[in-house]
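Q: heads up, no residue letters with this:
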């Protein structure tokens, strides 16, 4: 069997500034970075199985146009656990100084904009996902 692992690319204007945001405010780690002329050009940030590539040398016209869904898979998969997970994440991020907005795509989600206006949607699809895990 072959496992797939996706690492989406978010285009940013300043990789170093983006690393600081993702690490210091969102709680990610940064396992590697590629530099040219003393500046980071590409880096990876990770948190709890999610990995994102931050890049500013591939397509400058795409800076700030990314949208990323990061699903919070909870055990047990109940509506109460999902609500608690979202509430805990919101409290954590706000305690770090992150502006968090409530949103909905047919289910509750939290929305965070990075420094370049790439959007991160933290979600748990609620009843639809809960019933598919049973």
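A: Right, received. Where do you want to start? Because the structure is predicted, anything quoted here is derived from the model rather than measured.
Q: which residue packs closest to the residue nearest to the spatial centre of the chain, ignoring adjacent ones?
A: Against the mean C-alpha coordinate of the chain, by Cα atoms, centre = their mean, the closest residue is residue 120 at 5.0 Å. With sequence-adjacent residues excluded and distances taken as Cβ to Cβ, 6 or more residues apart in numbering, residue 120 is closest to residue 112, at 4.6 Å. For the C-beta atoms, the positions are set from N, CA and C on the backbone; glycine is no exception.
Q: so what's the residue nearest to the centre of the chain bridging to?
A: Residue 120 has these beta-bridge partners by DSSP bridges: residue 68, residue 112.
Q: Just want to check the distance between it and residue 63.
A: In this structure, residue 120 and residue 63 are 15 Å apart, going by Cβ to Cβ, to the nearest Å.
Q: thinking again about what came up before, from what I can see the residue nearest to residue 120 touches residue 93, true?
A: Yes. Contact criterion Cβ atoms under 8 Å: residue 112 and residue 93 qualify, at 6.7 Å.
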